[in-house]
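Enquirer: here's my sequence, what's the structure:
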Amino acid sequence: MSSDRLAGPRIALLDYGMGNLRSIEKALERVGARPERTHDAEVVRACDGVILPGVGAFPRAMDAVRARGLDTLVAERREAGVPVLGICLGMQLLFERSSELGGGEGLGVLAGEVRALDAPGLKIPQIGWNAVSWRRASAITGELPQPCAFYHVHSFSALPADPDTIVGTATYGTEFASVVAHENVYGVQFHPEKSGPDGLALLGAYAALCGQGAAPLGEALSVVPSP
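Expert: You can find the predicted model right below:
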């Protein structure tokens, strides 16, 4: 392992039993980060960033997150100014609630709710590549092209209460939020680890953000203008 790799930011990959963590680990390693697959609070507190992954159903995932105390830990690290990234279901869990399987409460670090995709006549879940169009600049979008295709697998999508939270949108039947950001909290509805060079570029931008260290809430970290 190279010295550059060893010097990369430590990123906690939260393990609550749902999600293909190995593929995300490998992608993070490729961009020079040091992923730590864990649900140990002290390990998470020692890391420079926190990633919340996930596949499956929202209420079941939240049950697993709460059982390991990761709900309070995510809130704690967010308050400490550490960059938090939700991937796929992990992005949805960042919001206040979801209608999936009769409904359930989320982490509430982002305002809004999660609802079923409004895609009449189209196959649900959406599985495959979909172009994301950028609405505004974000530290994790870097120099990605406009638009930029990523690999999506989902039946639900987030509806942020504040439209300014939305960084990028895609369309499947109707437009939905595919990338969100507020202060030091970020979310992507797609799988960057399965999205080729552009997905790696996004994870690399996130890792670089983690390498800057924590910032007080309300104080923006460096933002690279979107194209």
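
Enquirer: how about the longest helix anywhere in the chain: buried residues?
Expert: If you go by DSSP state H, the chain has its longest helix at helix 196-211. For helix 196-211, the buried set under the neighbour-count rule, 16 or more other Cβ atoms under 10 Å, comprises 198-211. Every C-beta, even on glycine, is put in place using the N, C-alpha and C of the backbone.

Enquirer: same question for stretch 30-49.
Expert: Residues of stretch 30-49 classed as buried by neighbour count (16+ other Cβ under 10 Å): 31-36, 38-39, 41, 44, 47-49.

Enquirer: what's in contact with it?
Expert: Outside of stretch 30-49, the residues within contact range by Cβ atoms under 8 Å, 6 or more residues apart in numbering are 4-6, 8-16, 21, 24-25, 28-29, 50-51, 68-70, 73, 76-77, 82-85, 200, 203-204, 206-207, 209-211, 213-214.

Enquirer: next one: the longest helix of the chain to chain centre, how far?
Expert: 12 Å (Cα atoms, centre = their mean, to the nearest Å).

Enquirer: just stretch 104-111 next, same as before
Expert: How far stretch 104-111 lies from its chain's middle: 14 Å, per Cα atoms, centre = their mean.

Enquirer: next, the distance between the ends of that stretch.
Expert: One end of stretch 104-111 sits 14 Å from the other (Cα to Cα, to the nearest Å).

Enquirer: quick one: average pLDDT of that stretch?
Expert: Regarding stretch 104-111, the rounded mean pLDDT is 97.

Enquirer: and if you look at stretch 65-83?
Expert: Rounded mean pLDDT across stretch 65-83 is 97.

Enquirer: likewise stretch 30-42?
Expert: pLDDT averaged over stretch 30-42 gives 97.

Enquirer: before we move on, what about stretch 187-205?
Expert: Rounded mean pLDDT across stretch 187-205 is 97.

Enquirer: coming back round to it: need the buried residues of helix 196-211 in JSON lines (columns: distance to residue 111).
Expert: Formatted as JSON lines, the buried residues of helix 196-211 follow (distance: Cβ to Cβ, whole Å):
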{"residue": "198", "distance to residue 111": "28"}
{"residue": "199", "distance to residue 111": "27"}
{"residue": "200", "distance to residue 111": "30"}
{"residue": "201", "distance to residue 111": "28"}
{"residue": "202", "distance to residue 111": "23"}
{"residue": "203", "distance to residue 111": "25"}
{"residue": "204", "distance to residue 111": "28"}
{"residue": "205", "distance to residue 111": "24"}
{"residue": "206", "distance to residue 111": "22"}
{"residue": "207", "distance to residue 111": "27"}
{"residue": "208", "distance to residue 111": "27"}
{"residue": "209", "distance to residue 111": "22"}
{"residue": "210", "distance to residue 111": "24"}
{"residue": "211", "distance to residue 111": "28"}
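
Enquirer: quick one: contacts for the most centrally placed residue in the chain?
Expert: Nearest residue to the geometric centre of the chain (Cα atoms, centre = their mean): residue 86, 2.3 Å. Contacts for residue 86 (Cβ under 8 Å, 6+ apart) come out as 51, 52, 54, 92, 93, 94, 185, 186, 187, 188.

Enquirer: quick one: the residue nearest to the last one when sequence neighbours are not counted and residue 60, what's the gap?
Expert: Right, residue 188. Ranked by Cβ to Cβ, 6 or more residues apart in numbering and with sequence neighbours excluded, the top spatial neighbour of residue 188 is residue 179, at 5.3 Å. Distance, residue 179 to residue 60, using Cβ to Cβ, to the nearest Å: 25 Å.
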